[in-house]
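Chemist: Predicted model follows, preceded by the sequence.
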Amino acid sequence: MRPVGAGVGLLALNLWSPHHGLSVGLVVVTSFLLGVVHGVTPDEHTWPITFSYALGSFSARKGMRAALAFSLSFTLQRALLSELAYLGLLHVADNPTWNAAIYLVVGAVMALAAFYVLRLRCALHLHLWPPSVGGCHRPQHAETAEWASRTPTPAMAAVHGFVAGWGLGAFALIMATVLAPAMPSAAFGWVPGAAFGLGTTAVLVVFGAVIGSLIRHQRLPEQLAQRVAQEGAGWTLLVGGVLFVAAGAAGLMVPSIMTAGISTGIHVHNLDQLGIGTLLVAVVVVVAVVTVVRTVHRMRHLPPEEGSRVQTAGSGPAADGFADRRSRPSRVVVLARPGAGKSTQAAAVAAALGVVHLSLGELLRHEVAAASTLGRAVAGAVDRGDLVADEVALEVLVPLLERAVLDGGYVLDDFPRDLAQAEALDRLAARRLAPDVALSLEVSATESRGRLEARAQIEHRSDDIASTVERRFVAYDDEMAPVLEYYRRARLLVSVDGEGAPSAVTARVLEVLSAVGAPSPGPTRP
């Protein structure tokens, strides 16, 4: 690519095929401009990777940071390559086998990043018929709070930048054979590579900012925008990784694939030929666009119950007595003896707060009624009104808590029911799942017995018969006293009179929670 006009200096620069004997200054300028061309044109070692990481950032600033991490690492690699070429320690040639091997490595790194973001789990198992060697799946809680925090990190982008830099095409060949040898000494052998990398960086940082800001312009709530960004990044990395591995494997078996292509007649590197690299760029970009468009559409057409939770997560006047979302506790556990109306009040409070109601007891009874594997395992304990194993309870609850927190918060009843469970729930604080309020409904044993007797006649629940009720009362008194003390010492416990009409109790609870408001960040845990 030669500028129009003749002359010396900058006007004589030839970016298509630079000649030997350039001055040091022109070498640096040529290197930088080649880097700009490298960033602007569709290169399979920069565009797909930068696109993926910037997309997962869902903001211009974070997109710039992702692109900068990738580009600076790429710059370091190119500076090292330039120095090695100057010293004669690296022979750079258009080697199809080498580039195919780099495709394999780049693809593997992309796939690993996708597994991290999408939380894919894979298993290897061999079946002769039907033929199968295993498979991958996303766990039940893949679209939840913990998953949403799994952003493609700048460190991952940096690793990718260093690896991708070893793909040796026309730009690397010019760098190693013309520009690096023109340096006056080994002390400056790295300069052309660094200038080239900085030219690429200048373009990719802008590119990353634009891509990172695209999700923001979809006018989605932040939680949903984050879902779109991370799903787009994850699937783009995964499909890109698979394609790179497949292309690399094909190139190792048939090296001519790596150099085959259709000439365009354009004297600009990366645009002069439509080959396997161009195909990789096009497919990865199409996958990213399709994934984002479909995910945006899905987020805009959420089921009504999910949509309402997202809407209540915003700020603004509310009819429940809270001035705005920030003044509401968002993670509440309800503690009370059997028959005190935990589930009734938890559901009412959750509706007022605009968060999700979760009841471990109801979830387990549903599993028992459905005769699922879990239901069969816990049927005996549910019928007796006993506690299920902590690991079983957490296996059921944690995915649901994650989803609830992502959508604004939760009100949880029937858990915790002993000190070990309270401590286990608190260990989830780093994942923003631990409660910020423990609500104790104070109801006398006599009142609770009366309610349970009435419920037994209506619902015929096996855990409401008289002998079971007395045993549940004893267990509650023995096991919940340490729990109440635990939350009292953590300054999370609030107590409310739970006797009277349900609506009156709900009004008292909301009044107390309104006074509590949003908790200070990180109360002292025992």
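Modeler: Yes, it's here. Numbers count the residues shown, from 1 in each chain.

Chemist: Tell me if I'm right that residue 251 and residue 259 touch.
Modeler: No - if you go by C-beta atoms under 8 Å, residue 251 and residue 259 don't touch, sitting 9.3 Å apart. Using the backbone N, CA and C atoms, a C-beta is placed for each residue, glycine as well.

Chemist: Can you show me the helices along the stretch 101-250 of the chain?
Modeler: With DSSP state H, counting those that start in this stretch as the criterion, the stretch 101-250 of the chain has helices at 145-148, 154-164, 170-174, 191-214, 222-253.

Chemist: Among residue 251 and residue 259, which residue is more densely surrounded?
Modeler: residue 251 (23 against 14; other C-beta atoms under 10 Å).

Chemist: secondary structure class for the nearest residue to that one once chain neighbours are set aside?
Modeler: Nearest residue to residue 251 in three dimensions, chain neighbours excluded: residue 100, at 2.9 Å (C-beta to C-beta, 6 or more residues apart in numbering). Judged by DSSP: H, G, I helix; E, B strand; the rest coil, the three-state class of residue 100 is helix.

Chemist: neighbours of residue 100, just the number please.
Modeler: Residue 100 has 21 neighbouring residues, counting by other C-beta under 10 Å.

Chemist: Next, the contact list for it, please.
Modeler: Taking C-beta atoms under 8 Å, 6 or more residues apart in numbering as the contact definition, residue 100 lies against 247-252, 255, 258.

Chemist: of those, closest to residue 348?
Modeler: Within the contacts of residue 100, the smallest distance to residue 348 is 57.7 Å, found for residue 247 (C-beta to C-beta).

Chemist: Could you find the closest non-adjacent residue to that closest one?
Modeler: Using C-beta to C-beta, 6+ apart, the closest residue to residue 247 is residue 103 (5.1 Å).

Chemist: re the thing from before, using TSV, lay out the contacts of residue 100 together with distance to residue 107 and pLDDT.
Modeler: Below are those laid out as TSV (distance: C-beta to C-beta, whole Å; pLDDT from 0 to 100):
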residue	distance to residue 107	pLDDT
247	8	95
248	6	95
249	9	95
250	12	95
251	11	94
252	12	95
255	17	92
258	14	92
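
Chemist: Of the residues you listed, grab the buried ones for PyMOL.
Modeler: Listed next is the PyMOL selection for buried residues among these, using 16 or more other C-beta atoms under 10 Å:
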select buried, resi 247+248+251+252+255+258
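
Chemist: Could you single out the nearest of the contacts of residue 100 to residue 292?
Modeler: Nearest member of the contacts of residue 100 to residue 292, counting by C-beta to C-beta, is residue 247, at 23.5 Å.

Chemist: pLDDT below threshold where in the stretch 201-350 of the chain?
Modeler: Applying pLDDT under 70 to the stretch 201-350 of the chain flags the ranges 215-226, 299-327.

Chemist: Can you report how many residues neighbour the nearest residue to residue 40 once chain neighbours are set aside?
Modeler: Spatial nearest neighbour of residue 40, excluding adjacent residues (C-beta to C-beta, 6+ apart): residue 203 at 5.5 Å. Residue 203 sits with 20 neighbouring residues when counted by other C-beta under 10 Å.

Chemist: What does the pLDDT read for the residue nearest to residue 251?
Modeler: Listed pLDDT for residue 100 reads 93.

Chemist: mind checking how far it is from residue 246?
Modeler: 11 Å (C-beta to C-beta, to the nearest Å).

Chemist: The residue nearest to residue 40 contacts residue 43, correct?
Modeler: No - Residue 203 is not in contact with residue 43 according to C-beta under 8 Å; the separation is 10.4 Å.

Chemist: Reformat the helices of the stretch 101-250 of the chain as TSV; add distance to residue 434.
Modeler: Below are the helices of the stretch 101-250 of the chain laid out as TSV (distance: least, C-beta to C-beta, whole Å):
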stretch	distance to residue 434
helix 145-148	12
helix 154-164	27
helix 170-174	51
helix 191-214	31
helix 222-253	19
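
Chemist: any idea how far residue 285 lies from residue 33?
Modeler: Distance from residue 285 to residue 33, by C-beta to C-beta: 25 Å.

Chemist: If we ignore the residues flanking it in sequence, what's nearest residue 400?
Modeler: Distances taken as C-beta to C-beta, 6+ apart place residue 358 nearest to residue 400, at 5.6 Å, with adjacent residues excluded.

Chemist: close enough to count as contact, residue 78 and residue 176?
Modeler: No - in this structure, residue 78 is not within contact of residue 176 by C-beta under 8 Å, at 10.2 Å.

Chemist: The nearest residue to residue 356 once chain neighbours are set aside and residue 398: what is the separation?
Modeler: Among residues not flanking residue 356 along the chain, residue 404 sits closest, at 3.8 Å (C-beta to C-beta, 6+ apart). Using C-beta to C-beta, residue 404 is found at 11 Å from residue 398.

Chemist: neighbour-wise, which of those two wins?
Modeler: Using other C-beta under 10 Å as the criterion, residue 404 and residue 398 rank with residue 404 on top: 25 against 19.

Chemist: Show residues contacting the host helix or strand of residue 440.
Modeler: Assessed by DSSP states H and E, residue 440 sits inside strand 437-442. Contacts to strand 437-442, defined as C-beta under 8 Å, 6+ apart, come from residues 329, 331-336, 340-342, 345, 349, 484, 487, 490, 492-499, 505, 509, 512-513, 516, 519.

Chemist: Keep only those of those residues that are in helices.
Modeler: Of the contacts of strand 437-442, the ones assigned to helices by DSSP state H are 342, 345, 349, 484, 487, 505, 509, 512-513, 516.

Chemist: Flag the least confident of the residues you listed.
Modeler: Of all the ones in helices among the contacts of strand 437-442, residue 516 carries the smallest pLDDT score, 74.

Chemist: Hmm, it is touching residue 494, no?
Modeler: Yes - the criterion here is C-beta under 8 Å, and residue 516 meets it with residue 494 at 6.0 Å.

Chemist: can you pull the contacts of the residue nearest to residue 17 when sequence neighbours are not counted?
Modeler: The shortest distance from residue 17 to any non-neighbouring residue, by C-beta to C-beta, 6+ apart, is to residue 174 (7.7 Å). By C-beta under 8 Å, 6+ apart, the contact set of residue 174 is 17-18, 34.

Chemist: Let's have these in CSV, adding distance to residue 408.
Modeler: Formatted as CSV, the contacts of residue 174 follow (distance: C-beta to C-beta, whole Å):
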residue, distance to residue 408
17, 60
18, 58
34, 50
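
Chemist: Filter the residues you listed down to the buried ones.
Modeler: 18, 34.
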